[in-house]
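[1] please find the sequence and the predicted model below.
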2 protein chains.
Amino acid sequence: MLQPVARDRVVDVVRERLRAAILAGELAPGTRLSVPELARHLQVSRSPVREAVLLLVGEGLAVEHSRRGVEVARLNLSDLLELYELRAALEGLAAGLAAERMTGTDLAALRGVLDAQGAEALREAGRFRDLDARFHQIIVQTCGNARLTRYAELLAREMRLAGSLLLNTPAHLRLSQEEHRTIERALRQRDGPAAEVAMRAHLTRVAQAVRTYHTQR
Amino acid sequence: MLQPVARDRVVDVVRERLRAAILAGELAPGTRLSVPELARHLQVSRSPVREAVLLLVGEGLAVEHSRRGVEVARLNLSDLLELYELRAALEGLAAGLAAERMTGTDLAALRGVLDAQGAEALREAGRFRDLDARFHQIIVQTCGNARLTRYAELLAREMRLAGSLLLNTPAHLRLSQEEHRTIERALRQRDGPAAEVAMRAHLTRVAQAVRTYHTQR
DNA sequence: TTTCAGCTTGTTACATGTAACACTCATCAT
DNA sequence: ATGATGAGTGTTACATGTAACAAGCTGAAA
């Protein structure tokens, strides 16, 4: 049985490109997303660009000012704390559910991420963050609740807009990795409640670290 | 200081109209949302209709089939259970936060809803459901986490698409009302943890009721 | 200097044109 | 009957036209 081909639509390509550009920081928070300009750059007409931009607004990566255009979302400290608060609830739930549903493949993938992080040591913060994101993604993708997966991924992505508000010091990364190991252990033992608690504790602890770091300074 | 006027854009009007029509059941789940047809009916051009339809997809009220149009979302039992599971986590968090932030006005509004439900008795299920929705809405709107508010409202709305899967018998409504009272009490006493637990228990209990009702039958 | 009308520029929001596509149904060969 | 084929219809996806609008600038009046 062949899959229907479904060639990518222009709007999908544009959406991916814009998303990638935003998350890579090429389109920094606050940058105006001018539809005609983007259309010129991407060599397509304005229609699919307009749609793609509106989709980004729906994803929380951009904000719309009625009749005055769209700009890349700017996150302040309280936005970031909001996001952690939400992620703690959602991913806690996801981890609890995932504990019961994870396949051997999933567990191996999780293990792979942790090992890669170990090997990577703390050489490059960017790569480390990617693995961190992958760790969380695997869990929310195996939780079995499609909407939960979707929202958790949206929140995790949106969070990347916080840029310099995120903590990248070796000490913080190491601690996170430690907590990830605890979560992975609970998942491996199929202990749902423990996984849930560990995940929630992890994210609330990070939130707390962010808060104290940025308010005492 | 005057507010900027910000006349409604056509796309906003259309979005509201379509949303209302879907939630009222005038556009039943599964109905195709043909952009040209809707544009003709609403006497506007296709552009704002197309945008509005895509926004509804983003809200979860409609689903898109690439190159084959959009239709009003159809929810089955497992979708509904997913939604309850998510709402339990999100609104549990919201209730816990709201306990600390509710103003006297908010508490009075909550009380008002409960009283109105009492007066309404169980005469009309539709009206009763509206008050039920309002109860939950007040709480998520006072939680202080804007994103949490937004997602919780989206989920509550989406749930209304489940139509006949929802339980409307007097016994169920009465039990829900009872649980609402418990939640309200915890909020009034500013007991965050109790409010959180009560809210989560309420929604998981309803989910359980829905599950058993529709699987044993 | 301050302020404000008027011009300029670029955009948004909406309208409309159209090629490619997806469905239906009838027709025809097997 | 069954399945392939092609016409016909309506749609999506993309392109483009344009009025109303927002923001910035300039220069004249206060």
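    Now that the structure is in, tell me what you want to look at.

[2] please name the residues that touch the closest residue to residue A:76 other than its chain neighbours.
    Distances taken as C-beta to C-beta, 6 or more residues apart in numbering or on different chains place residue A:165 nearest to residue A:76, at 7.9 Å, with adjacent residues excluded. Heads up, the C-betas are built off the backbone N, CA and C, glycines and all. Counting by C-beta atoms under 8 Å, 6 or more residues apart in numbering or on different chains, residue A:165 makes contact with A:75-77, A:80, A:210, A:214.

[3] repeat the analysis, applying 10 Å as the threshold.
    Residues near residue A:165 by C-beta atoms under 10 Å, 6 or more residues apart in numbering or on different chains: A:75-77, A:79-81, A:159, A:210, A:213-214.

[4] not counting its neighbours along the chain, what's nearest residue A:34?
    residue A:69 (6.8 Å).

[5] assign residue A:208 to helix, strand or coil.
    Here residue A:208 is helix, with the state taken from DSSP: H, G, I helix; E, B strand; the rest coil.

[6] residue contacts, it?
    So residue A:208 contacts A:81, A:84 (C-beta under 10 Å, 6+ apart).

[7] now with 6 Å, please.
    Residue A:208 makes contact with no residue, according to C-beta atoms under 6 Å, 6 or more residues apart in numbering or on different chains.

[8] count of neighbours near residue A:143?
    Residue A:143 has 23 neighbouring residues, counting by other C-beta atoms under 10 Å in any protein chain shown.

[9] okay, and it sits in which element?
    If you go by DSSP states H and E, residue A:143 is not part of any helix or strand.

[10] which residues in chain A form strands?
    A:62-64, A:70-72 (DSSP state E).

[11] residue nearest the centroid of chain A?
    residue A:156 (2.5 Å; C-alpha atoms, centre = their mean).

[12] measure that one to residue B:97 for me?
    21 Å (C-beta to C-beta, to the nearest Å).

[13] and the contacts of residue A:165, which of them are buried?
    For the contacts of residue A:165, a burial check counting by 16 or more other C-beta atoms under 10 Å in any protein chain shown picks out A:75, A:79-81, A:159, A:210.

[14] which bits of chain A sit near DNA strand C?
    A:6-7, A:32-37, A:46-47, A:66-70 (C-beta under 7 Å from any atom of the strand).

[15] select only the buried ones of the residues you listed in ChimeraX?
    The ChimeraX selection below is limited to those of the residues of chain A next to DNA strand C classed as buried (16+ other C-beta under 10 Å):
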select /A:33,35,70
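
[16] next step: the residues of chain A next to DNA strand C restricted to helices.
    A:35-37, A:46-47 (DSSP state H).

[17] so what touches stretch A:45-60?
    With C-beta under 6 Å, 6+ apart, stretch A:45-60 has contacts from A:10-11, A:14-15, A:18, A:33, A:35-36, A:38-39, A:62, A:64, A:70, A:154, A:158, B:58.

[18] try 7 Å this time
    Here stretch A:45-60 makes contact (C-beta atoms under 7 Å, 6 or more residues apart in numbering or on different chains) with A:10-11, A:14-15, A:18-19, A:33, A:35-36, A:38-39, A:42, A:62-64, A:70, A:73, A:154, A:158, B:51, B:54, B:58.

[19] could you give me the buried positions within that stretch?
    So stretch A:45-60, judged by 16+ other C-beta under 10 Å, has buried residues A:48-60.

[20] what of stretch A:170-188?
    Per 16+ other C-beta under 10 Å, stretch A:170-188 contains these buried residues: A:172-173, A:175-177, A:179-180, A:182-184, A:186-187.

[21] the closest residue to chain B within chain A and DNA strand D, how far apart?
    Nearest residue of chain A to chain B (C-beta to the nearest C-beta) works out as residue A:58 at 3.9 Å. Residue A:58 is 15 Å from DNA strand D, where distance means C-beta to the nearest atom of the strand, to the nearest Å.

[22] ok, residue A:52 next?
    Counting by C-beta to the nearest atom of the strand - residue A:52 and DNA strand D are separated by 9 Å.

[23] now residue A:138
    Following C-beta to the nearest atom of the strand, the distance that separates residue A:138 from DNA strand D is 30 Å.

[24] hmm, residue A:108 and that residue touching each other?
    No: Residue A:138 is beyond contact range of residue A:108, at 10.2 Å (criterion: C-beta atoms under 7 Å).

[25] looking at those two, which is more packed in?
    residue A:138 (19 against 11).

[26] which ones are touching the more buried one?
    A:106, A:109-110.

[27] change it to 6 Å
    Residue A:138 touches A:109-110, counting by C-beta under 6 Å, 6+ apart.

[28] find me the pLDDT at it, would you?
    The confidence metric pLDDT takes the value 98 at residue A:138.

[29] rewinding a little: just put the buried ones among the contacts of residue A:165 in CSV and tack on pLDDT.
    Converted to CSV, the buried ones among the contacts of residue A:165 look like this (pLDDT from 0 to 100):
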residue, pLDDT
A:75, 97
A:79, 98
A:80, 98
A:81, 98
A:159, 97
A:210, 97
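
[30] tell me how far residue A:57 lies from DNA strand D.
    Taking C-beta to the nearest atom of the strand, one finds residue A:57 at 17 Å from DNA strand D.

[31] also residue A:95?
    The value you get for residue A:95 to DNA strand D, if C-beta to the nearest atom of the strand is used, is 35 Å.

[32] now do residue A:169
    38 Å.

[33] can you check residue A:48 too?
    Taking C-beta to the nearest atom of the strand, one finds residue A:48 at 4 Å from DNA strand D.
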